[in-house]
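Asker: Only the shape, not the letters, is given here:
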């Protein structure tokens, strides 16, 4: 599909008021994207596990406006409190998507949103939050154009979510989602995420992700700034090639259940992401001393136990500990005994692979 396919068709039905609610999960990238082109287009493809427990629930109430103006009309409540500081991001999002969902100027919206994880936990909520909002808007559009198919609904919801937060396009579906054009992946697109279309071995079902909250403070550099620093990065082109190659390798890994190769790719991707941050200009380090302590502990435990446990990182200090269901008891005991001590206030979140957003 191309961008023009997502421009809204004339609406068949009129709506006056209503309410719709979606719960949408976060996700954790295995192959990372770092660097964006115009209009939220990724510089390289990525692939992620959709999570289950870490999710945002968003209710969107809408009421027809008597007088339509050039401004968007909405109020926003986060966990019951009016959040003025969230509004500029939503306003930017609405500006980006107006061409594709022109009805948004016809309504006053009341956005009520909450996370299943603490807002100060250091878990990025942009993926889950923007995908939940995009799904609510698509639900309204489908009420006005009932012929919209489920396939188109998911693709356009992902397309819209991407314009709010790039990684949000990977939170519409599950359990493994790819975003970004990759010459060996049928149906892959820079415009939206797709459910991974090839064979996935049973070992990757019910995969666990225990998220260790090393640092719950605000990041010293925003992801937006970090992405922009890739434009003149001396290693950018080689990094983009590496991401494509790792996606190709993962096809065999997923099909065969090769956990050893999975670990190599996932940990290399995490460290490469942070290497790009440390070698940009200006350069920055988002890992903390306890991040490195945890990584070393995982390596030592893996060597001594032969457990198939590994780590990955987002653009921050927190560590995602990944391991298969069959090793849950052993690895979880190791996490409690050895790793929780390195978490801020001993806080961590137990999550696992999930299957996408759902309407409530």
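Answerer: Looks like it came in fine. Keep in mind it's a predicted model, so treat the numbers as computed, not measured. Numbers count the residues shown, from 1 in each chain.
Asker: Now residue 136: closest residue in space, sequence neighbours ignored.
Answerer: With sequence-adjacent residues excluded and distances taken as CB to CB, 6 or more residues apart in numbering, residue 136 is closest to residue 60, at 3.8 Å. All C-beta spots, glycine's among them, are computed from the backbone N, C-alpha and C.
Asker: would the one you found count as being in a strand?
Answerer: Yes. Under DSSP: H, G, I helix; E, B strand; the rest coil, residue 60 sits within a strand.
Asker: Can you name the residues that contact it?
Answerer: 19, 20, 21, 109, 110, 111, 112, 133, 136, 137, 140 (CB atoms under 8 Å, 6 or more residues apart in numbering).
Asker: Most neighbours among those residues, which one?
Answerer: Neighbour counts for the contacts of residue 60 peak at residue 133, which has 28 neighbours (criterion: other CB atoms under 10 Å).
Asker: For the residue nearest to that residue when sequence neighbours are not counted, report the pLDDT, please.
Answerer: Spatial nearest neighbour of residue 133, chain neighbours left out: residue 58 (5.4 Å); criterion: CB to CB, 6+ apart. pLDDT for residue 58: 98.
Asker: my guess is residue 58 contacts residue 111, does it?
Answerer: Yes. With contact defined as CB atoms under 8 Å, residue 58 counts as touching residue 111 (6.6 Å).
Asker: overlap in contacts of these two?
Answerer: In contact with both residue 58 and residue 111: residue 133, using CB under 8 Å, 6+ apart.
Asker: give the contact list for the residue nearest to residue 133.
Answerer: 21, 22, 23, 24, 111, 112, 113, 129, 132, 133, 136.
Asker: Tell me the backbone dihedrals of the fifth one, please.
Answerer: Backbone geometry at residue 111, expressed as degrees, to the nearest 10, gives phi -100, psi 120.
Asker: who's in contact with it?
Answerer: 58, 59, 60, 74, 75, 76, 77, 90, 133.
Asker: Name the SS class of the closest residue to it other than its chain neighbours, please.
Answerer: Counting by CB to CB, 6+ apart, residue 76 is the residue found nearest to residue 111 once chain neighbours are left out, at 4.6 Å. Secondary structure state of residue 76, per three-state DSSP, is strand.
Asker: Domain map for the chain?
Answerer: The chain breaks down into these domains under automatic domain parsing: 3-199, 207-352.
Asker: Can you get me the start-to-end distance on the last one?
Answerer: Here the two ends of domain 207-352 are set 6 Å apart, with distance taken as CA to CA, to the nearest Å.
Asker: now swap in the longest one and tell me
Answerer: Between the opening and closing residues of domain 3-199 we find a distance of 29 Å, counting by CA to CA.
Asker: can you check stretch 187-200 too?
Answerer: 17 Å.
Asker: measure residue 218 to residue 283 for me?
Answerer: Note on residue 218: its distance to residue 283, by CB to CB, to the nearest Å, is 19 Å.
Asker: same question, residue 239
Answerer: 15 Å.
Asker: rewinding a little: quick one, which of the domains of the chain is nearest to residue 359?
Answerer: With respect to residue 359, and counting by CB to CB, the nearest of the domains of the chain is domain 3-199 at 5.5 Å.
Asker: show me where pLDDT drops low in the chain?
Answerer: By pLDDT under 70, the weakly predicted segments of the chain are 119-124.
Asker: and with 90 instead?
Answerer: 9-10, 66-70, 83-86, 117-125, 215-224 (pLDDT under 90).
Asker: Could I get the full set of helices for it?
Answerer: Counting by DSSP state H, one finds helices in the chain at the ranges 87-97, 126-144, 150-164, 223-228, 236-256, 259-278, 289-305, 328-334.
Asker: out of those, deepest packed?
Answerer: When the helices of the chain are scored by mean count of other CB atoms under 10 Å, the highest mean neighbour count falls to helix 126-144 (a mean of 25).
Asker: and the angle from that one to helix 150-164?
Answerer: Comparing the axes of helix 126-144 and helix 150-164 via axes from the mean of the first three to the mean of the last three CA atoms, to 10 degrees yields an angle of 130 degrees.
Asker: mind starting the numbering at 274 from now?
Answerer: Yes, from this point I'll number from 274; that puts the last item at helix 399-417.
Asker: Give me the helices and strands touching helix 399-417, please.
Answerer: If you count contacts as 3 or more CB pairs under 8 Å, 6 or more residues apart in numbering; DSSP states H and E, helix 399-417 packs onto strand 290-304, strand 319-337, helix 360-370, strand 380-388, helix 423-437.
Asker: Can I get the ones you listed in a markdown table including distance to residue 477?
Answerer: Listed next are the helices and strands packed on helix 399-417 as a markdown table, based on distance: least, CB to CB, whole Å:
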| stretch | distance to residue 477 |
| --- | --- |
| strand 290-304 | 10 |
| strand 319-337 | 8 |
| helix 360-370 | 33 |
| strand 380-388 | 26 |
| helix 423-437 | 21 |
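Asker: And those: which comes nearest residue 629?
Answerer: Here strand 319-337 is closest among the helices and strands packed on helix 399-417 (CB to CB), at 5.8 Å.
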